[in-house]
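>>> Dropping the sequence and predicted coords here.
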Amino acid sequence: MLTLYKVFQAGSYFLRIIQTAILVYVVLSWFRPRFKLFFWLENFVAPFVRPFRRLSLWITARLRVPLDFSCWFAIIGLQIIDALWRKLYILLRFLT
């Protein structure tokens, strides 16, 4: 039987795995790798980074710097979701 704590712990682990995958993807992208693991990682990270592409392009055009901030925004967004996830756990724990 899954307890409330285990469900929320699994969700937190999943968010950390995504954050770590994004960081690994960013570091590997600096070297322009050509192996299958990198392309798999790129496909795994893309759905989490894609929503922040437009914001990143807007900031890049505004500041006139050739940097992609979308991964950084994705990590910040995941950290906010993780904080809300923990607060939801505390709220549900308090109510039960």
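Arrived safely, thanks for sending.

>>> contacts, neighbours, all on C-alpha from now
Will do.

>>> what sits up against stretch 13-29?
Stretch 13-29 is contacted from outside by Phe38, Leu41, Glu42, Val45, Cys71, Ile75, Leu78, Asp82, using C-alpha atoms under 8 Å, 6 or more residues apart in numbering.

>>> PyMOL command to pick out the buried ones of those residues?
This is how PyMOL selects the buried members of the contacts of stretch 13-29, with burial counted by 16 or more other C-alpha atoms under 10 Å:
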select buried, resi 38+42+45+71+75+78+82
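
>>> Could you dump the contacts of stretch 13-29 into TSV with secondary structure, distance to Leu4 and pLDDT added?
Formatted as TSV, the contacts of stretch 13-29 follow (DSSP: H, G, I helix; E, B strand; the rest coil; distance: C-alpha to C-alpha, whole Å; pLDDT from 0 to 100):
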residue	secondary structure	distance to Leu4	pLDDT
Phe38	helix	35	87
Leu41	helix	30	92
Glu42	helix	32	91
Val45	helix	28	95
Cys71	helix	31	93
Ile75	helix	25	96
Leu78	helix	21	96
Asp82	helix	16	95
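
>>> Columns distance to Val26 on top of the contacts of stretch 13-29, output as a markdown table?
Below are the contacts of stretch 13-29 laid out as a markdown table (distance: C-alpha to C-alpha, whole Å):
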| residue | distance to Val26 |
| --- | --- |
| Phe38 | 10 |
| Leu41 | 10 |
| Glu42 | 9 |
| Val45 | 10 |
| Cys71 | 7 |
| Ile75 | 11 |
| Leu78 | 16 |
| Asp82 | 21 |
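
>>> of the contacts of stretch 13-29, closest to Ala10?
Distances from Ala10 to those, taken as C-alpha to C-alpha, are shortest for Asp82 (11.5 Å).

>>> measure that closest one to Gly11 for me?
8 Å (C-alpha to C-alpha, to the nearest Å).

>>> Tell me which residues touch Tyr5, please.
Tyr89.

>>> and Ser70, how many neighbours?
Ser70 is flanked by 20 other residues according to other C-alpha atoms under 10 Å.
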